[in-house]
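S.K.: this one's sequence-less:
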Ligand code: NDP
């Protein structure tokens, strides 16, 4: 399980490319803090090469039949599945997430996206609209060159979730991973190339925010898809608006998980664990505001703590480990500062709250109870393993409180009353919702938020409309009547 550094920093026009003039980005293993290698951020020359190659490749790629495009994407999905273990180890080196998790949630999810959109590519058609003897037909066209910008929590998955629908629709892409996790997207590019993707169709360049900003500003770019925080989303959206570009924004969240008094406690606790501690809590859709009905709060907390004691915190490469480090020193410090704010505000620390005594960026899974709506830990996205339990008694009141946030990504409800489940979910402001479950993200289901949590949807047929545009053609069969 040794780490093999990437052959070079960037992947452009079908090959690895290096430019050591770019700023050094350390590859830091979150489980130890060790520097495993380095890549270089893109220089303006690298940015130009990537955009040029994407632009040059786009027309021919769009002219390739959808079936042929899809075949390449599906071949890439097969290669990813064949190499799942090696790719999962790489993802674990990049992010620190336990191998027990990356083996089933990262490369496999990327493969699902490539397979799903590969399957759809041949069926992307327009429609025929008869108007008497005249008619209109529509053509579903690619947008052109797309830019993908990724966050650090799911580097393989994010690269695939953006590449798959973009490429299926005939677009080309320049993808910039987070500087915190630069490695995995390069592997995705390499595998796509190995699957037969023409040179220039999918390019990866490294760098910090400024590299992303340069890509977004470029006139050759037709669409920008960002996965990141709300503050970055605002900047990227504004820059894209300047050029009237298409956007998909997958941004942050502070989602509610409501547990009613009739819920199955064991399942509700399981849901709360999935909603808060997978990937050490670094998941945008997490249900971090856990509203628990007052009458079951004690039983819920007791069982939650019992189950958290069973978490195996340790070496992420050991497959028995199921809770790993945070992605970086910086992220660990951000989360620690929120834990301190929770304590200072008077929330009751029920579990965890401290660093784990080992190297790397480990924090204990942490639970606060008696959290109130205006505490910072209840209002702001923490992006770490911190679960807040808030009390409630009344259905209408908890719905209003759940919706009283600028975010609107996900929401969950646990109850045995099926009418209540649908009634409550219908009123919650969120794009991705769960009843008696949490954080399932199958490629067949639309994923994304509203309000400040984002614009557009990833996955599912819904994302096709975000990576293509419709041209409509009016066909007159008779003579033209003009006023003069
Ligand atoms: P950031 O917003 O800090 O960064 C996201 C990406 O944008 C990075 O690649 C970053 O580069 C880049 N970037 C930063 N500034 C600019 C700019 N001005 N122009 C263009 N690109 C820029 O997010 P994090 O990486 O810290 O990820 C965590 C956030 O992502 C959380 O808020 C989380 O909720 C959200 N997220 C949302 C998901 C969703 O689907 N809704 C899924 C996963 C995460 P660099 O960091 O290299 O400087």
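M.R.: Noted; the coordinates are in hand. Predicted, not measured: the structure shown is a model, and the values here were computed from it. Numbers count the residues shown, from 1 in each chain.

S.K.: For the stretch 251-400 of the chain, what lies in contact range of the ligand?
M.R.: Counting by Cβ under 6 Å from any ligand atom, the stretch 251-400 of the chain comes close to the ligand at 251-253, 284, 381, 383. C-betas here are computed from N, CA, C, even on glycine.

S.K.: So which of the residues you listed is surrounded by the most neighbours?
M.R.: Ranked by the number of neighbours (other Cβ atoms under 10 Å), those place residue 253 first, at 30 neighbours.

S.K.: Can you read off the pLDDT for the nearest residue to residue 200 once chain neighbours are set aside?
M.R.: In space, and not counting its chain neighbours, residue 200 is closest to residue 57: 3.1 Å by Cβ to Cβ, 6 or more residues apart in numbering. Residue 57 carries a pLDDT value of 98.

S.K.: Contacts only, for residue 57.
M.R.: Counting by Cβ atoms under 8 Å, 6 or more residues apart in numbering, residue 57 touches 13, 172, 198-201.

S.K.: Now rank those residues by neighbours and give me the top one.
M.R.: So for the contacts of residue 57 (other Cβ under 10 Å), the most neighbours sit at residue 172, 30 neighbours.

S.K.: my guess is it contacts residue 147, does it?
M.R.: No: the pair residue 172 and residue 147 fails to qualify as a contact (Cβ atoms under 8 Å) at a distance of 10.3 Å.

S.K.: for the residue nearest to residue 200, helix, strand, or coil?
M.R.: helix (DSSP: H, G, I helix; E, B strand; the rest coil).

S.K.: so how far is residue 170 from residue 199?
M.R.: 16 Å (Cβ to Cβ, to the nearest Å).

S.K.: Go through the contacts of residue 57 and name the one nearest the ligand.
M.R.: Set against the ligand, the nearest of the contacts of residue 57 by Cβ to the nearest ligand atom is residue 172 (18.7 Å).

S.K.: Now residue 256. Nearest residue, chain neighbours left out?
M.R.: Closest to residue 256 by Cβ to Cβ, 6+ apart is residue 402, at 3.6 Å.

S.K.: what sits against that neighbour?
M.R.: Contacts for residue 402 (Cβ under 8 Å, 6+ apart) come out as 256, 258, 289, 291, 411, 428.

S.K.: Name the helix or strand for it, please.
M.R.: helix 395-403 (DSSP states H and E).

S.K.: C-terminal to that helix, what's the next element?
M.R.: Heading C-terminal from helix 395-403 (DSSP H and E), you reach strand 410-414.

S.K.: Tell me the helix or strand right after that next one.
M.R.: Trace forward from strand 410-414 with DSSP H and E and the next one is helix 418-427.

S.K.: Output the contacting helices and strands for that next one.
M.R.: helix 395-403, strand 410-414, strand 432-435 (3 or more Cβ pairs under 8 Å, 6 or more residues apart in numbering; DSSP states H and E).

S.K.: Any residues of the stretch 101-250 of the chain in contact with the ligand? List them.
M.R.: 149-153, 176, 178-179, 208-209, 212-213, 216, 227-229, 232, 235-236, 250.

S.K.: buried residues in stretch 464-482?
M.R.: Across stretch 464-482, burial judged by 16 or more other Cβ atoms under 10 Å covers 464, 466-469.

S.K.: Please, where are all the strands along the stretch 51-200 of the chain?
M.R.: All strands of the stretch 51-200 of the chain, identified by DSSP state E, counting those that start in this stretch, fall at 128-131, 134-142, 145-149, 172-176.

S.K.: will you turn the ones you listed into CSV that also has mean pLDDT and distance to residue 73?
M.R.: Converted to CSV, these look like this (pLDDT from 0 to 100; distance: least, Cβ to Cβ, whole Å):
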stretch, mean pLDDT, distance to residue 73
strand 128-131, 98, 27
strand 134-142, 98, 14
strand 145-149, 98, 15
strand 172-176, 98, 12
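
S.K.: Of those, which is nearest residue 263?
M.R.: Nearest of the strands of the stretch 51-200 of the chain to residue 263, taken as Cβ to Cβ: strand 145-149 at 38.4 Å.

S.K.: Packing partners of that closest one?
M.R.: Against strand 145-149 (3+ Cβ pairs under 8 Å, 6+ apart) you get helix 44-63, helix 155-168, strand 172-176, helix 209-217, strand 221-227.

S.K.: repeat that for 6 Å
M.R.: helix 44-63, strand 172-176, strand 221-227 (3 or more Cβ pairs under 6 Å, 6 or more residues apart in numbering; DSSP states H and E).

S.K.: So which residues of the stretch 201-350 of the chain form strands?
M.R.: 202-204, 221-227, 246-250, 256-259, 289-293, 348-351.

S.K.: first to last residue in stretch 466-484, what's the distance?
M.R.: 42 Å (Cα to Cα, to the nearest Å).

S.K.: before we move on, what about stretch 314-332?
M.R.: First-to-last distance for stretch 314-332 - Cα to Cα - comes to 16 Å.

S.K.: buried set for it?
M.R.: Result for stretch 314-332 [16+ other Cβ under 10 Å]: buried residues 314-317, 321-328, 331-332.

S.K.: Alright, I will stop here.
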